[in-house]
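Participant: Structure, please.
(one chain, ligands or ions: 1)
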Amino acid sequence: MKTCPPFWFEPAPWVDGAWRQASHRGSDACTVRNPATGALLAEVGRADAGTVTAAIEGAARAGRGWREIPAAARGEVLKRTAAALLSRRDEVARLLTAEQGKPYPQAAGEVDYAASFFQWFGEEARRVHGRIVPHPEPGREFLVEQCPAGVAGLITPWNFPLAQGAKKVAAALAAGCTAVWKPAEATPLIALALAPILAEAGLPPGVLQIVPGKGSVVGPVLAADPRVRVLSLTGSTATGISLMAAAAPGIKRLSLELGGNAPFIILPDADLELVTDQLVRLKMFVSGQVCVTANRIFVHADREGELIERLAARIAALRIGDGLAEGIDAGPLIHTAACRDVRGRVAEAVAAGGRIVAENRSFEDVPGLDQQNFFPPTVVAGVEDSMRLASEEIFGPVIPLLSYRTLPEAVDRANATPYGLAAYVYGTDLARLRAVASALEAGIVGVNEWRPLKAEIPFGGVKQSGIGAEGGEEGIREFLETRVISMPKPGVER
Ligand code: NAD
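Facilitator: Next up, the predicted model:
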């Protein structure tokens, strides 16, 4: 059994390179517990509006120096952060598991994934450049510059609390912006844990400020302050809508990674052994609390029986429990309210004709778990498009099966959602796979692949799943402004 490591950071806001102890241990602290056991991890001081404003002021001050540092040197700080994260992989992963609940191997994978963004944007920093454009009038030229936008406000969720932060922090800092980062209320510790690692890697004070706190308090301050020029949120579509409205009076740039409702289409010629393996891995990843997880499984009616049999065997074999224990496939949900929510969706589907065809409640026999935070991996057959299990994001380890007869029908139903984050298609005929993948309205499509996300590629949703992209060449552009200087062209006097 692994344990949560001793903290190398303080459970308090990190502003101008120091812990803001004043708000800590006051009445306004947020209690962080291990969701698997209910054990108290920390009381984290929330940043109030004044602390957030001080953080913005400090970031604006630090911005003047940070943007003057050569891009290659800024990149070195990020690359050293990547190396430091990897060298401390075990303790960071144990903290992540204790705070978020995901099994340790998944947490260690998230540390690698986060490090890959520090490495990628550390390299991208030096590739930001402008261009000289010929002027249509004689003796003049245009200089097109890419400039850091200013202070960036970064807001992240609890499901990948390290990686979602890393994507934003690394891109913003590589672009020459400074940033104020608000982690989710359920998972502030892993964000605070990053502060000393960045400082040791050479990040000057004030370049990254971390302000744990309530979205309803921190969000409006970030949205209203004119020094904040970019707001980057990963969270639910409802939060995206409210942040967009709050940012409108200040005409701020927005980068939004929001909710999803990913279809997973199984073509008639799919290899069901591969499908079962990858679908169960995808749905058990962070217990289904993933924006890109498969939310609606469209299976051809002729293959549904075989799929159910295979899924039932895999679900029965899953080991569920405390992610710090050995050999765990699925951990708890983030809190009791999340379990209640998922239970309600399954119950509604069953009342409307859905059938539970597989379920694993083995965690009920495991001592020491906070049982209220666990939800049994479940397969529900006979799901209809209109049920909330299909029309809304589930955020739990539930596999809803929707059967189809024709391919156009499957594609139309897959696209009949306001969301467009991820989609999956499984089969063997490459031409058909390509055609279906192109017809799906999603920011990313995995073809016979359950986790296509990497630092090298842009990831972002279409429709109500978001605006902009993280990763790839595109990620850094979210934090850059294009400016033009039109000036006389210097020439040699003759
Ligand atoms: P959430 O929207 O409730 O919270 C996300 C963050 O926004 C948190 O830090 C929260 O405190 C903050 N917040 C809440 N209200 C705010 C406000 N008014 N102003 C500013 N900030 C505010 O989402 P969650 O429950 O933490 O995460 C789950 C959601 O995130 C799901 O919908 C999931 O699909 C989505 N998500 C999307 C991606 C993606 O890349 N597209 C990745 C992970 C999660």
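Participant: Thr81 and Trp120 touch, don't they?
Facilitator: No. Applying CB atoms under 8 Å as the test, Thr81 and Trp120 come out as separate, 11.8 Å apart. (C-beta placed from N, C-alpha, C; glycine too.)
Participant: Got the phi and psi for Lys102?
Facilitator: For Lys102, the backbone dihedrals (degrees, to the nearest 10) come out as phi -70, psi 150.
Participant: so what's the residue nearest to it when sequence neighbours are not counted up against?
Facilitator: Leaving aside its chain neighbours, Lys102 sits nearest to Val286 (5.0 Å; criterion: CB to CB, 6 or more residues apart in numbering). For Val286, the contacting residues are 100, 102, 106, 159-160, 331, by CB atoms under 8 Å, 6 or more residues apart in numbering.
Participant: and the gap between Val286 and Leu311?
Facilitator: 19 Å (CB to CB, to the nearest Å).
Participant: State the distance from Ala114 to Ala201.
Facilitator: Taken as CB to CB, the span from Ala114 to Ala201 is 13 Å.
Participant: more crowded one of the two?
Facilitator: Ala114 (29 against 19; other CB atoms under 10 Å).
Participant: Identify the nearest residue to that one in space, disregarding sequence-adjacent positions?
Facilitator: Ala114 sits nearest to Ala166 (CB to CB, 6+ apart), 3.6 Å away.
Participant: Verify the stated contact: that neighbour with Val111.
Facilitator: No. Ala166 is beyond contact range of Val111, at 9.4 Å (criterion: CB under 8 Å).
Participant: And the two? Which one has more around it.
Facilitator: Taking other CB under 10 Å, Ala166 and Val111 do not tie; Ala166 has more neighbours (30 against 23).
Participant: quick one: the more buried one from the ligand, how far?
Facilitator: Remark: distance between Ala166 and the ligand (CB to the nearest ligand atom, to the nearest Å) = 13 Å.
Participant: got it, and Gly176?
Facilitator: 24 Å.
Participant: Ok, Ala73 next?
Facilitator: When Ala73 is compared with the ligand (using CB to the nearest ligand atom), they lie 30 Å apart.
Participant: and that residue, how many neighbours?
Facilitator: 11.
Participant: the strands in the stretch 351-494 of the chain, which residues?
Facilitator: 355-359, 378-381, 398-404, 419-420, 422-426, 444-447, 462-463, 466-467, 480-488 (DSSP state E, counting those that start in this stretch).
Participant: Return the list of strands paired to the last one, each annotated with direction.
Facilitator: Right, the one you point to is strand 480-488. For strand 480-488, the paired strands and their directions (DSSP bridges) read strand 140-148 (antiparallel).
Participant: And the first one, by the same measure?
Facilitator: Taking DSSP bridges as the criterion, strand 355-359 forms sheet pairs with strand 378-381 (antiparallel).
Participant: same question, the third one
Facilitator: The sheet places strand 398-404 alongside strand 294-300 (parallel), strand 378-381 (parallel), with pairing taken from DSSP bridges.
Participant: tell me the contacts of the residue lying closest to Gly427 once chain neighbours are set aside?
Facilitator: For Gly427, ignoring the flanking residues on the chain, the nearest one in space by CB to CB, 6+ apart is Leu267 at 3.2 Å. Counting by CB under 8 Å, 6+ apart, Leu267 touches 300, 407, 425-429, 432-433, 436.
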